[in-house]
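K.L.:
quick one: sequence plus predicted model below, questions after.
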Amino acid sequence: MPSADWAAPTVTRAVDARVVLPGSKSLTNRYLVLAALASDVSRLRAPLRSRDTLLMAQALRTLGAVVDDVEDGDWLVTPGRLVGGGEVDCGLAGNVMRFVPPVAGLADGPVRFDGDPHARRRPMAPVLEALRTLGVEVDDADRGGLPFTVHGRGAVRGGAVTLDASQSSQFVSGLLLSGPRFDGGVTVHHVGGAVPSLPHIEMTVETLRDAGVVVDDLDAHTWRVEPSEVNALDVQVEPDLSNAAQFLAAALVTGGRVHVPGWPQYTTQGGDHVREVLDMMGAEVVLDRAGLTVSGGDGISGVDVDLRGSSELTPVVAALCALADSPSVIRGVAHVRGHETDRLAALRTELTALGAHVDETDDGLRITPRPLHGGTFRTYADHRMVMAAAVLGLVVPGLVVEDVGTVAKTMPRFTELWAEMLGHPVPAGA
Ligand SMILES: O=C(O)C1=C[C@@H](OP(=O)(O)O)[C@@H](O)[C@H](O)C1
Ligand SMILES: C=C(OP(=O)(O)O)C(=O)O
């Protein structure tokens, strides 16, 4: 059921704020999966608690892991024998629908997967086909997506598989994460158009290596995971850099300054690309040991930018483009048509409704800024549409964001953090 509307706050002065960000969704969910497959108890420090990670924790509990809340907001994960017989709610989480079915192949009975109405439209077929090739029975009524049932038999033969990951890097990541527990490990070879979000595959490879697993990136399109034990982890989750984008964008839009403490000097998060994008758009961007500081200058420059590796940034960057002083092109993101919603269509529709001129291209958007006016901004169950709308609302009076609660997918406290950044009092009980 849709949640309440939200009147996006406008500002009359430059933002000057320090924003402490919650943990990375992608790292939290990888660590959870590896911890459930590990040979001992793992500790996740400062994990993200949002709809996507709570669904992941619940999915792994259904399969036999124990995920305990402990002091300081940490998660303690005790792996258990992987059991079938349960049902997994994927919500709208790409991580849950692509990472958990290979784990279910290792369980000792059937596991049914379903999710939100929008999740049934997200691409899944290459993962299900690959699982069959690796020796797992999957019953999906040949629809190639949710709902489906994985019939685990307690072990997976594994081996080599070829798939087309041009619609999502998560197809590869999901197979690699469970690969060490397959009898023959797994070799995943991609054929087809360019793989999007490659940093997320690097993140998968790195987290596996952190757990003692041997991974070879044999060539740009082939990854090999050797069969082995998965070591327990004790890890600090980095802040979510994609979810930093809207806060940093506020510095550019208002000519102000936003500081994010704890920005990693080295990371596999694709969201780190936001530093380069904001720099191209006219911000001053400084990364030092204390964190990242972004300062806005005079206006926003239009850009020609390829977001293939960092496509989570598309909605917020599109919002900035609509506020820029020259036209922009966003490239490399055809696959975001299969994200939470068809993001290219959603952004074209909603930005156009506010007065911008937006064309969809084969692989992105062409945005020509025009004076914008208020109105209702529809969000299509997409957390990042809420975030994009908030950026626009800073300088577009009368912008009402539909179904703001959908932002809880990765940032349940988004409106509070936004109000805090703007120096607005947070209403009691909010
Ligand atoms: O592996 C991951 O955690 C993710 C990979 C990317 O997916 P796509 O490759 O489908 O873009 C990204 O957009 C998504 O938000 C998270
Ligand atoms: C595409 C996204 O999510 P998911 O992990 O559900 O694919 C996203 O967070 O922008």
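P.N.:
Ah, there it is. Numbering: from 1, shown residues only. Ligands and ions are numbered 1, 2, ... in the order given.
K.L.:
all helices for the stretch 51-200 of the chain, in order.
P.N.:
Listed in chain order, the helices of the stretch 51-200 of the chain (DSSP state H, counting those that start in this stretch) span residues 51-62, 94-104, 125-133, 170-178, 198-210.
K.L.:
nearest to ligand 1, of those?
P.N.:
Proximity to ligand 1, assessed across the helices of the stretch 51-200 of the chain by C-beta to the nearest ligand atom, is greatest for helix 198-210 (3.7 Å). (C-beta placed from N, C-alpha, C; glycine too.)
K.L.:
that older thread, dump the helices of the stretch 51-200 of the chain into TSV; add distance to ligand 1 as well.
P.N.:
Formatted as TSV, the helices of the stretch 51-200 of the chain follow (distance: least, C-beta to the nearest ligand atom, whole Å):
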stretch	distance to ligand 1
helix 51-62	9
helix 94-104	5
helix 125-133	12
helix 170-178	5
helix 198-210	4
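K.L.:
closest to ligand 2 out of those?
P.N.:
Among those, if distance is taken as C-beta to the nearest ligand atom, the winner is helix 94-104, at 2.5 Å.
K.L.:
now for that closest one, which elements pack on it?
P.N.:
Using 3 or more C-beta pairs under 8 Å, 6 or more residues apart in numbering; DSSP states H and E as the contact criterion, the neighbours of helix 94-104 among helices and strands are helix 25-37, helix 51-62, strand 87-89, strand 110-114, helix 125-133, strand 148-151, helix 170-178.
K.L.:
can you lay out the ones you listed as CSV showing mean neighbour count and distance to residue 326?
P.N.:
Rendered in CSV, the data for those read as follows (neighbours: other C-beta atoms under 10 Å; distance: least, C-beta to C-beta, whole Å):
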stretch, mean neighbour count, distance to residue 326
helix 25-37, 28, 33
helix 51-62, 23, 36
strand 87-89, 19, 45
strand 110-114, 20, 45
helix 125-133, 20, 39
strand 148-151, 20, 47
helix 170-178, 28, 35
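K.L.:
could I get these as JSON lines with distance to residue 329 and mean pLDDT?
P.N.:
Compiled in JSON lines, those are given as follows (distance: least, C-beta to C-beta, whole Å; pLDDT from 0 to 100):
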{"stretch": "helix 25-37", "distance to residue 329": "27", "mean pLDDT": "98"}
{"stretch": "helix 51-62", "distance to residue 329": "30", "mean pLDDT": "98"}
{"stretch": "strand 87-89", "distance to residue 329": "38", "mean pLDDT": "98"}
{"stretch": "strand 110-114", "distance to residue 329": "37", "mean pLDDT": "98"}
{"stretch": "helix 125-133", "distance to residue 329": "29", "mean pLDDT": "97"}
{"stretch": "strand 148-151", "distance to residue 329": "38", "mean pLDDT": "98"}
{"stretch": "helix 170-178", "distance to residue 329": "26", "mean pLDDT": "98"}
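K.L.:
quick one, what contacts the residue nearest to residue 7 when sequence neighbours are not counted?
P.N.:
With C-beta to C-beta, 6 or more residues apart in numbering as the measure, residue 400 is the residue that lies nearest to residue 7, at 5.6 Å, once sequence neighbours are left out. Contact criterion C-beta atoms under 8 Å, 6 or more residues apart in numbering gives 5-8, 374-377 as the residues in contact with residue 400.
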